[in-house]
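>>> Here is my input; please provide its structure:
(one chain, ligands or ions: 1)
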Amino acid sequence: MNAAMKKSTAILAISCLLLATGIGASALLFAPDTSKTSVVSSGTALVGGPFEATNQDGKRVSEQDFLGKHTLFYFGFTFCPDICPAELQVISAALNDIAGAEDKFNLAFVTIDPARDTPDIMKQYVAHFWPGTIGLTGSAEDIRKIAAAYRVYYTKAGGENADKDSYLMDHSSITYLMGPDGKFIRHFPFGTSADDIKKALVDITSG
Ligand code: NI
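Numbering: from 1, shown residues only. You can find the predicted model right below:
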């Protein structure tokens, strides 16, 4: 992340893409609460943890609701023109290709734009993806907390100059895999193929 990148909002449509490729593998090193980076040799303890959010049916949920299955977490926003739908399609393709995936996996799409992404909007959006996809939204504070827990960077593109209705969000684009115990297992950087994700998920759950 750098100032030049943040200021490149003239090309709003690709700001999502720039961040996704720019942050990529380094996002695990990003500490959202301090803006400093530190070297993490094992990210296990630093990703995940307790959260509360509202699902696409308007029900309050927490990390407890995701225990018992492996859960893929992906953070983005429904207004995203490219990165979020592309990544959700890749994850969906991987899960659609695994027999009985709904018994072994959750897929949680967490919005980092709760101001626009109401439960109703999330419900319409997740219907485009793997049938088990769960949409999570909530208050700004709910989202701040879960994004901090998952080391997810997000900010409104254009800052104060952003259009109040059609603004975009800059955000890191990483998929996290958590175990049935809620503990971090691994992440999939943006650009990982559906086939590679599928293989990893099958390996992890058949061991
Ligand atoms: Ni996006």
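>>> Stretch 108-124 close to the ion?
No. Under the criterion of C-beta under 5 Å from the ion, stretch 108-124 makes no contact with the ion; the nearest approach is 8.5 Å. For the C-beta atoms, the positions are set from N, CA and C on the backbone; glycine is no exception.
>>> Now the residue of the chain found nearest the ion: which helix or strand?
Relative to the ion, the nearest point of the chain is Cys80 (3.1 Å; C-beta to the ion). Assigned by DSSP states H and E, Cys80 belongs to neither a helix nor a strand.
>>> same deal with Ser92?
Ser92 belongs to helix 83-96, assigned by DSSP H and E.
>>> and what of Thr54?
Counting by DSSP H and E, Thr54 is found in strand 52-55.
>>> Neighbouring strands - and their directions - for that strand?
strand 60-62 (antiparallel), strand 133-137 (antiparallel) (DSSP bridges).
>>> residues from the protein in reach of the ion?
Taking C-beta under 5 Å from the ion as the measure of proximity, the chain contacts the ion at Cys16, Gly76, Cys80, Ile83, Cys84.
>>> now the last one: how far from Tyr125?
Separation of Cys84 from Tyr125 (C-beta to C-beta, to the nearest Å) stands at 9 Å.
>>> which residues do these two both contact?
Thr78, Phe109 (C-beta atoms under 8 Å, 6 or more residues apart in numbering).
>>> secondary structure element for Leu107?
Here Leu107 sits within strand 105-111, counting by DSSP H and E.
>>> Residues touching that strand, excluding its own?
By C-beta under 8 Å, 6+ apart, the residues outside strand 105-111 that reach it are 53, 66, 69-78, 84, 88, 91-92, 95, 98, 117, 122, 125-126, 129-130, 132-137, 143, 146-147, 150, 152, 201, 205.
>>> Sweet, I'm off.
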